[in-house]
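Q: Let's see this in three dimensions:
(2 chains)
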Amino acid sequence: MIFGLEFPPIQNLVEWPNWFGPEGSWYGFNKIAFINVIALVATTSLFFIAGRSKSLVPKGAKNLVESAVDFIRDGIVLETMGPEGIKYLPYLVSLFFFILITNIFEVIPFFHMPGNARMAGPAVLALLTWAYYIAVGIKHQGPKYFINAIAPAGVPKALLPLVIPIEFLSTFIVRPFSLAVRLFANMLAGHILLVTFSVLCITLFTASLLAIVLPLSFAMLVGLTGFEIMVAFLQAYIFTILAAVYIGSSMHAEH
Amino acid sequence: MSILAQAAAATADKATQQAIAGATNAGMAYGLAAIGPGIGIGYLVGQSVQAMARQPEAAGMVRTTMFLGIAFTEALALIGFVVFILLKFV
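A: Take a look at the predicted model:
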């Protein structure tokens, strides 16, 4: 109870019962898993359909996909990695689309739950990116990648005991953690914000004098829904651009 | 406000006291965590807008770097938000 407002406990906002399979088992299937499956199928089929049409002039799905790939190539890859990063474009494009579709379920009716508001989804994506940029580093620089990453060239010898722990922490531990927490916390915060205003609208929907405030609250809810669409897009963009920066930084030794 | 909280705490039983303390700490944690990033993002975006206004042809490059900077700065506030959730509900 806050100011007479019956706010549901946080478990009710983010935990969903299993549709089948016992609770806590590895094959249990709930709403979040369903959203992730939809995002997977939608991403794959979108590119499959767009790739099948061989016409030179793009139209329909191909048009959408071509402009999205252009946006990620020009706006993310060329800006952060340069021309040699083009070969990592497929990973970044699929990452972008997967995150965008799982996020956009925050405002889709009957779902109203961002797939990334549970920590598991962002954590897997961040670990995947972590393994990916380490693999790219080893491929480009060999085992020397780890030495280059934790002890950048040009650092005075006396400072190394200080620099090595800091660089190790920031490159191999803080990076995946902040990548996952950024996406998770943004989506959870947006979800809680929308729930707060929905609960306010429902509580104000009475015959009493308080109903005068209802249009204001409802207008705020509509406005925030638009804002959350922007946040869903922005978080997918930021996750992709940070993945690109991390991959780009492990292609060459820092100097 | 703290006087009010003290007055409320004096009359409430132990469980309620703990709930009040938990909520206060959680709110304090998030409030403190939001100060730095607030200043940082304001400064960052302000400088970026200035750069874009001075040199409109560099706007694309500045915008990409600006989003990167926002992402790094914002991380602290978001970690504060997660701490708030942990203190309040777990």
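Q: the helices in the chain, which residues?
A: Going with chain A. Using DSSP state H, the helices of chain A run over residues A:10-14, A:31-52, A:61-72, A:78-80, A:89-104, A:120-141, A:144-150, A:160-168, A:175-204, A:214-251.
Q: Correction: the question concerned chain B.
A: Going by DSSP H, chain B shows helices at B:2-11, B:14-54, B:59-89.
Q: helices or strands up against the longest one?
A: Translated: helix B:14-54. Helices and strands touching helix B:14-54, as assessed by 3 or more Cβ pairs under 8 Å, 6 or more residues apart in numbering or on different chains; DSSP states H and E, comprise helix B:2-11, helix B:59-89. To be clear about C-beta, it is placed using only N, CA and C from the backbone, and glycine gets the same treatment.
Q: So for the longest one, mean pLDDT?
A: Helix B:59-89 shows a mean pLDDT of 87 in the predicted model.
Q: repeat for the shortest one
A: In this model, helix B:2-11 has a mean pLDDT of 59.
Q: In the stretch 151-255 of chain A, what residue lies closest to chain B?
A: A:A185 (3.8 Å; Cβ to the nearest Cβ).
Q: What number of residues are in the vicinity of that residue?
A: Counted by other Cβ atoms under 10 Å in any protein chain shown, the residues lying close to A:A185 total 25.
Q: Hmm, it is touching B:V83, no?
A: No: counting by Cβ atoms under 8 Å, A:A185 stays clear of B:V83, with 10.0 Å between them.
Q: do you know which of the helices of chain A lies nearest B:T65?
A: Taking Cβ to Cβ, helix A:78-80 is the member of the helices of chain A nearest to B:T65, at 8.4 Å.
Q: related to what we said a few turns ago, mind putting the helices of chain A in JSON lines, mean pLDDT included?
A: Listed next are the helices of chain A as JSON lines, based on pLDDT from 0 to 100:
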{"stretch": "helix A:10-14", "mean pLDDT": "81"}
{"stretch": "helix A:31-52", "mean pLDDT": "91"}
{"stretch": "helix A:61-72", "mean pLDDT": "90"}
{"stretch": "helix A:78-80", "mean pLDDT": "87"}
{"stretch": "helix A:89-104", "mean pLDDT": "94"}
{"stretch": "helix A:120-141", "mean pLDDT": "94"}
{"stretch": "helix A:144-150", "mean pLDDT": "89"}
{"stretch": "helix A:160-168", "mean pLDDT": "91"}
{"stretch": "helix A:175-204", "mean pLDDT": "91"}
{"stretch": "helix A:214-251", "mean pLDDT": "93"}
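Q: Relative to B:F89, which of these is closest?
A: helix A:10-14 (4.4 Å).
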